[in-house]
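Visitor: how does the following fold in three dimensions:
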Amino acid sequence: MLSNDIYHHWDFNGASTALANNEVFARELQRSSNHACVESSLSGLVLSMSSYVFLSFIDESIWLASKQALCMANAVLPSHQLPPQLAALLHPSNLPHPHSLVKITALGEAPPLADGLKFELHTLPVDAKAIVDGDTVIVYVSTTDARESSRVPQEVQMAVVERNGALYEGNYTKADALHKRITNAGYRVLRINNEDILARKYRIRLRGIDAPETSMPYGKEAKEELAKILDGKCLKILIFGEDRYKRFVGDIYCNGIFVQELMLKKGLAWHYTTYDKRLELDKWEKVARAKRIGLWASSNPEMPWAWRKNRREHR
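Guide: Okay, the predicted model is just below:
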């Protein structure tokens, strides 16, 4: 069967195997086309080509191998013998273009960056439902990103390929189970502009501010304001570390605007001086205090770190 011959030849660790196996791929396609019933091999073909198309987003050399394989498939299997979904999948024009691809970078320690900056994230559009509260948000970064491309676990890659095959076959129960495996590993397949994108999940704590907890006065307003700022936007996030709750601590920029500055000036957060000594944040908080904006309309608003401490002590 085509499924076994092709699927077991695939090597997720490098594009050279994909290039070398195009000859094998062509031979097996030819053998498949000689069968009285081509449909008997279609499921394996879909699974194989799904792996080519998916991994094309990760490395340009795999894109070249994929292009060759797709051309072979079109030459050997007449389009009139194929279901419309498979004919579309096998058409070379549907392969992602190289301009959207990135080269895989070697794993290893990044060079030291100034001021404690660890790395930078560029996110996919944020969903308002991903706003946890006024200082925490869940974001997703595409695995085509230069930093992410070399870090996708092999088991996640395999699950994505198997899920594509299950969706083609209409086995949605299996597809859902495979997507759960993907999400449990910290990834998700997002549908954006009619395109499936594999993305890594990050839980971000806004650096240097502390917003009221959701059940505190102005907690709901802080969450709603952050959602209003971030909803549907792609963000640049500078990551400086990780807190004890495994959240990445970072500065968030939305369309060039520093989000922490907005939250402080709107009176919906404190400058968290225990962990941050930046004078600008202190100045922005004082501006809101002077104008009695947001939570500063109250004469003595309770500080969220004191509120959390009281909650812990009275459990």
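Visitor: do a quick rundown of the strands in the stretch 201-315 of the chain.
Guide: Under the criterion DSSP state E, counting those that start in this stretch, strands of the stretch 201-315 of the chain are mapped to 209-210, 235-242, 248-254, 257-258, 270-271.
Visitor: okay, how far is it across stretch 255-274, tip to tip?
Guide: Across its full length, stretch 255-274 reaches 29 Å between end residues, using Cα to Cα, to the nearest Å.
Visitor: ditto for stretch 203-221
Guide: Stretch 203-221 has an end-to-end distance of 21 Å (criterion: Cα to Cα).
Visitor: quick check, Arg188 in a strand?
Guide: Yes: assessed by DSSP: H, G, I helix; E, B strand; the rest coil, Arg188 belongs to a strand.
Visitor: distance of it relative to Tyr140?
Guide: Arg188 is 6 Å from Tyr140, where distance means Cβ to Cβ, to the nearest Å. Just so you know, the C-beta spots here come from the backbone N, C-alpha and C atoms, and that holds for glycine as well.
Visitor: repeat that for Gly186.
Guide: Distance, Gly186 to Tyr140, using Cβ to Cβ: 10 Å.
Visitor: mutual contacts of those two, please.
Guide: Common contacts of Gly186 and Tyr140 (Cβ atoms under 8 Å, 6 or more residues apart in numbering): Arg200, Lys201.
Visitor: so which of those two has more stuff around it?
Guide: Tyr140 (22 against 13; other Cβ atoms under 10 Å).
Visitor: checking that one next. Helix, strand or coil?
Guide: Secondary structure, three-state DSSP: Tyr140 is strand.
Visitor: check Leu178 too.
Guide: helix.
Visitor: nearest residue to it other than its sequence neighbours?
Guide: Nearest in space to Leu178, with sequence neighbours left out and distances taken as Cβ to Cβ, 6 or more residues apart in numbering, is Arg163 at 4.0 Å.
Visitor: the one you found contacts Thr173, doesn't it?
Guide: No: Arg163 is beyond contact range of Thr173, at 11.6 Å (criterion: Cβ atoms under 8 Å).
Visitor: my read: Glu261 touches Trp284, true?
Guide: Yes: the pair Glu261 / Trp284 is scored as a contact, 5.6 Å apart, by Cβ under 8 Å.
Visitor: looking at those two, which is more packed in?
Guide: More crowded of Glu261 and Trp284, by other Cβ under 10 Å: Trp284, with 23 against 17.
Visitor: any idea how far the more buried one is from Gln154?
Guide: From Trp284 to Gln154 the distance is 46 Å (Cβ to Cβ).
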